[in-house]
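# generate coordinates for the sequence data below:
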Amino acid sequence: MVRFSALIRGLLFPLIFSEVGCNVTSERSIVGTYKAETPCVTITLAVKQDHSFVQSVRTTSGDTRQLTGKWTIHEWRQGDTTVDFDPFLDFINDEHGGAESGGTGFRPERWPRGILMGPIIVKCPESSYKIDYVK
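Here you go, the predicted model:
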């Protein structure tokens, strides 16, 4: 009986979770507002239908920063798509996102809690965090 139960779990688990982590390729699905949070900063990424975006940062001390740019979809091969943002704030060297990087790309994925793009690395005073943008 234990073998049968393990077999059933082994068959059902992949079926139930087969849609977890699916790549998103539709522009309409990508458009929206995403949020990423750490103990020291909250970052909002507003992805607009006209291929512009606004990246907003608010630190726990109340400092704010905002950056606008353009986004594009790049298909590397069928089913392997990235959304590229240019320019983008760098949080590795400055938790305030003070420096602009030349751009970055994320692989958007559909998860049960929403669409995720990331990760980005944010360096807070006490630690570094690997976080995702969630829509």
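# for the residue lying closest to Ile43 once chain neighbours are set aside, give me its contacts.
With Cβ to Cβ, 6 or more residues apart in numbering as the criterion, Ile43 has its nearest non-adjacent residue at 4.6 Å, and that residue is Ala36. (Glycine included, C-beta is placed from N, CA and C.) Residues in contact with Ala36, defined by Cβ atoms under 8 Å, 6 or more residues apart in numbering, are Thr42, Ile43, Leu45, Gly118, Ile120, Val122, Ile131, Asp132, Tyr133, Val134.
# what residues of stretch 125-135 count as buried?
Neighbour-count burial for stretch 125-135 flags Tyr129, Ile131, Asp132, Tyr133, Val134, Lys135 (criterion: 16 or more other Cβ atoms under 10 Å).
# still on that earlier bit, mind checking pLDDT for the residue nearest to Ile43?
In the prediction, the pLDDT value recorded for Ala36 is 91.
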